[in-house]
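S.K.: Here is a sequence with its predicted model. Questions after.
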Amino acid sequence: MFKFIIEIDKNLYNRTNDILNAWENRNSSVYVLIQSFFESLIKNIISNIGKKNYIETKSSLGNLLNNKYVLSVLKHDLNITPHIINQISELNRKANSYKHLSYIEFIESSAIEYIELLYFFSSTYYEYSFNTRLETFNKQDLLDYFKNDFEKNVSTSVSSEERK
């Protein structure tokens, strides 16, 4: 389901597995993991589409979402709507609450919405970069992925890392 992310960045794909693992374990850190994913992906987008490396490596997701150049690239190149940007900002606030308060309630439906947002945003960038259409996100696909593929993918990923 998320294998296309390997073509964007293998490290982002590994982060996706961490996110899915946190979701499967009902761990509220899933919000922070998704926040970190968005931060890295947006930096990747700006580096590749914008051909700009002036974004500081330590820029937070909040700083990126307030940067006019970043917003311009997301809006004009990827056609990301203000609604999507607002959803990412909401996620950022939730993740920051978790980091600063050390507790936030895990709400499965909320976590799935953010995983769906991650999928949509990543697939939009993938489709732009590789000129290939991907399937739209389906919650049942995510649940099936856990039943059938996730454990296999994680163990395969760990096994290949151990061989290196």
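M.R.: Alright, I've got the coordinates.
S.K.: other SSEs contacting the longest helix belonging to the chain?
M.R.: When the chain is parsed with DSSP state H, its longest helix is helix 108-130. Judged by 3 or more CB pairs under 8 Å, 6 or more residues apart in numbering; DSSP states H and E, helix 108-130 is in contact with helix 5-8, helix 10-24, helix 30-48, helix 82-101, helix 139-145. Glycine gets a C-beta too; all of them are placed from N, C-alpha and C.
S.K.: Which positions within it qualify as buried?
M.R.: Across helix 108-130, burial judged by 16 or more other CB atoms under 10 Å covers 110-112, 114-126.
S.K.: got any ranges where this structure has weak pLDDT?
M.R.: Applying pLDDT under 70 to the chain flags residues 50, 52-55, 146-164.
S.K.: change it to 50
M.R.: Applying pLDDT under 50 to the chain flags the ranges 155-160, 163-164.
S.K.: so who does residue 19 touch?
M.R.: 30, 33-34, 37, 115, 118 (CB atoms under 8 Å, 6 or more residues apart in numbering).
S.K.: Residue 70: which of the helices and strands packed on helix 108-130 is closest?
M.R.: helix 30-48 (5.9 Å; CB to CB).
S.K.: If you count neighbours, what's buried in that closest one?
M.R.: Neighbour-count burial for helix 30-48 flags 30-46 (criterion: 16+ other CB under 10 Å).
S.K.: before we move on, the earlier item: what angle do the longest helix of the chain and helix 10-24 make?
M.R.: Going by axes from the mean of the first three to the mean of the last three CA atoms, to 10 degrees, helix 108-130 is angled at 160 degrees with respect to helix 10-24.
S.K.: quick one: contacts for residue 3?
M.R.: Listed by CB under 8 Å, 6+ apart, the contact set of residue 3 reads residue 13.
S.K.: Just send the helices and strands packed on helix 108-130 back as TSV, with distance to residue 76 too.
M.R.: Output for these, formatted as TSV (distance: least, CB to CB, whole Å):
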stretch	distance to residue 76
helix 5-8	20
helix 10-24	23
helix 30-48	12
helix 82-101	13
helix 139-145	30
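S.K.: Nearest to residue 73, out of the ones you listed?
M.R.: For these, the distance to residue 73 is smallest for helix 30-48, at 6.1 Å, taking CB to CB.
S.K.: angle of the closest one against helix 108-130?
M.R.: 10 degrees.
S.K.: after helix 30-48, next one along is what?
M.R.: Using DSSP states H and E, the next helix or strand after helix 30-48 towards the C-terminus is helix 61-65.
S.K.: elements contacting that following helix?
M.R.: Here helix 61-65 touches helix 30-48, helix 82-101, going by 3+ CB pairs under 8 Å, 6+ apart.
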